[in-house]
Structures are given as structure tokens and as C-alpha cells.
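> task: produce atomic coordinates for the following.
(one chain, ligands or ions: 1)
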Amino acid sequence: MRGVVCKVCGYVSLSENDVKCPVCRSRNVFGIKENAYKMLDVEAPIGELEKKHIPVFTIVEECGLISGSVCLDVHVKIGEVTHSMFPEHFISEITFYINNRFVENVMLTSNVNPAAVVHLKDSMRGKIQVIESCNLHGRWFSEVDIK
Ligand SMILES: [Fe+2]
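Residues are numbered from 1 along each chain as shown. Now for the predicted structure:
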């Protein structure tokens, strides 16, 4: 997919109006990049690379972490077949967006599982998007609608 990408850190903007990169804080560094990320082709059979890279969502309502607050946790693991986490081949980043706006970036080392969570206020609903980054196979996109 064509995307708007920070030329300093590689962050993919889904809003097209960002001036400042929310990850590396650089200003006026966005440019168009062909093949900025990959996503599932719903009309093609799912391949082995897709099975290991497409983010998979689990939604958890009201986890109780912040007392007195209604919340929504979005758990993401990479992928349907769990991606490897070896130093030479691992998931290095998982970025969360809501309605095309950045909300969280999680940097990973090969010492952890290929997964992350964003803990949202209950009022934050809509399209939750994730782009993960594999050090060998690039960035992969998936989204889920939360009513
Ligand atoms: Fe990979």
C-alpha cells in the first residue's frame, strides 16, 4: 500500500495531515512511499507470510486496571501463526491508531512475545488500526471496528 511515512524513523501516518512525527518527534519529514505497508488481500487465499505477519485482535472490555474507570483493552498478537522472535528475525514495533490517528507505539526486542496492548478510555471507539514491523518482511496492517 502507498503510505505517508516519516523519513527519519519509518513511522506510517494514516492521517496525511501530520506535521510532527508522534514517534521520533521530527517535524516536516513526511513523504509518500510506495509499498509502505502490506495488508491482507481478501480476494486471494491467505499465504504463509500473511499468516505470520497480519496483526490479530482480541478485545477485552473493562479490565479494571484503572479503578473507577470503564475501559477497553485492545490486545494484538502477530499473527495467526505466531511470528518468531529470534534476534535475526523478529517483530520490532507495533503501532496502534484509532480512526487513523496515532495512539501508541510499542518497541519490542526479541526477548518478548510478538504482542502488545493498548488500554483505552471507554469513549474511544471506532476503527482500531495496527501496523507492525518485522525486521525482515516489512510493515503489515490490520484493522478492527469497535462499536
Ligand atoms: Fe517476518
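> does residue 130 touch residue 76 like I think?
Yes. Residue 130 is in contact with residue 76 according to Cβ atoms under 8 Å; the separation is 5.2 Å. All C-beta atoms are positioned from the backbone trio N, CA, C, and that covers glycine.
> so what sits against both of these two?
55, 57, 94, 96 (Cβ atoms under 8 Å, 6 or more residues apart in numbering).
> ok, the last one - contacts?
Going by Cβ under 8 Å, 6+ apart, residue 96 touches 74, 76, 102, 103, 104, 105, 106, 116, 118, 128, 129, 130.
> what's opposite the second one in the beta bridge?
Just to be clear, that refers to residue 76. residue 57, residue 116 (DSSP bridges).
> helix or strand: which one has the residue of the chain positioned farthest from its centre?
No residue in the chain sits farther from the centre than residue 68, which is 28.2 Å out by Cα atoms, centre = their mean. Under the criterion DSSP states H and E, no helix or strand holds residue 68.
> where's it relative to residue 62, distance?
Distance of residue 68 to residue 62, computed by Cβ to Cβ, to the nearest Å: 11 Å.
> cool, residue 15 as well?
The value you get for residue 15 to residue 62, if Cβ to Cβ is used, is 29 Å.
> of the contacts of residue 96, which are in range of the ion?
Near the ion, judged by Cβ under 5 Å from the ion, there are no entries from these.
> narrow the residues you listed to those in strands?
Secondary structure from DSSP state E places 74, 76, 102, 103, 104, 105, 106, 116, 118, 128, 129, 130 of the contacts of residue 96 in strands.
> who touches the last one in this structure?
If you count contacts by Cβ under 8 Å, 6+ apart, residue 130 has them with 55, 57, 76, 94, 95, 96, 97, 141, 142, 143.
> no further questions, thank you.
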